[in-house]
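Undergrad: Pasting the sequence and the predicted coordinates here, then a few questions.
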Amino acid sequence: MYLTAILSSQHRKALFSCGKALLDGYLHHQAKQDIKRKLSVCFVLPAQDASVVRGYYTLSNGSIPLSLVPATIRRKLPESYTAIPITLLGRLAVGQQFQGQGIGKLLLIDALRRCFELSKSMGSFAVVVDPLDKDAENFYAAFGFEKLPDSGKMFIPMQTVKQLFD
Ligand SMILES: CC(C)(COP(=O)(O)OP(=O)(O)OC[C@H]1O[C@@H](n2cnc3c(N)ncnc32)[C@H](O)[C@@H]1OP(=O)(O)O)[C@@H](O)C(=O)NCCC(=O)NCCS
């Protein structure tokens with residue numbers, strides 16, 4: 001069902017380069033520690049040579065203040081929930097030599113499928129992303145993510161994600 005696997009020692013992460021130092025450095029130096037500390041899980045898409053990472057993304061639990069939720073959606077939520085549970089797709093990146101071949105889209109669908117499956121056993125109202133720059137924002141907007149007002153973040157409601165997989 002999933003094309004990705006959890007980052008492990010079989011993956012030669014030091015070879016990965018997507019062109020953005022922050023995202024490369026995260027995979028090289030921090031992702032494994034974050035998994036160990038249960039802060040986030042890093043999923044990688046292997047190439048034909050399974051030690052080569054074509055791309056990766058990270059998932060973790062999170063919440064956003066109710067006040068950030070756009071008014072049209074907020075009206076349907078109980079006011080007693082001051083923080084709304086979400087799933088954070090913290091980072092997503094594709095190696096430079098694999099960009100422009102549909103890998104980013106594949107990773108995003110794989111991530112959304114995991115988010116949706118998780119939402120069946122743990123409440124999660126939306127998937128939230130934190131785009132690094134305008135380029136990343138455009139990528140997520142192309143897949144229906146909307147901006148959360150007064151934050152650099154974007155979201156897609158889990159009800160919308162559900163329609164992809166039900
Ligand atoms: C942004 C990124 C993830 C896209 O991955 P990719 O494999 O090159 O993208 P894909 O080939 O899967 O493209 C899928 C679709 O998204 C569109 N797309 C890709 N990059 C885009 C961008 N920057 N802006 C708008 N649309 C974009 C493509 O046109 C394509 O549309 P189509 O399905 O209608 O043909 C990749 O370029 C990358 O890793 N960049 C550096 C890291 C980064 O910015 N990550 C963003 C999250 S923080």
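TA: All right, it came through fine. Numbering: from 1, shown residues only.
Undergrad: ranges for the helices of the chain?
TA: 21-25, 31-36, 71-74, 103-119, 134-141, 158-165 (DSSP state H).
Undergrad: roughly how far apart are Arg12 and Gly104?
TA: Using C-beta to C-beta, to the nearest Å, Arg12 is found at 21 Å from Gly104. (Glycine included, C-beta is placed from N, CA and C.)
Undergrad: picking up where we left off before, which one, of the helices of the chain, ends up nearest to Thr87?
TA: helix 103-119 (4.5 Å; C-beta to C-beta).
Undergrad: angle of the closest one against helix 158-165?
TA: For helix 103-119 against helix 158-165, the angle by axes from the mean of the first three to the mean of the last three C-alpha atoms, to 10 degrees is 110 degrees.
Undergrad: Tell me if helix 103-119 is near the ligand.
TA: Yes. For helix 103-119, a contact with the ligand is found by C-beta under 6 Å from any ligand atom, at Ile103, Gly104, Lys105.
Undergrad: Spatially nearest residue to the most centrally placed residue in the chain, not counting backbone neighbours?
TA: Among the residues of the chain, Leu89 comes closest to the average C-alpha position under C-alpha atoms, centre = their mean, at 2.2 Å. Nearest residue to Leu89, sequence neighbours excluded (C-beta to C-beta, 6 or more residues apart in numbering): Val129, at 4.9 Å.
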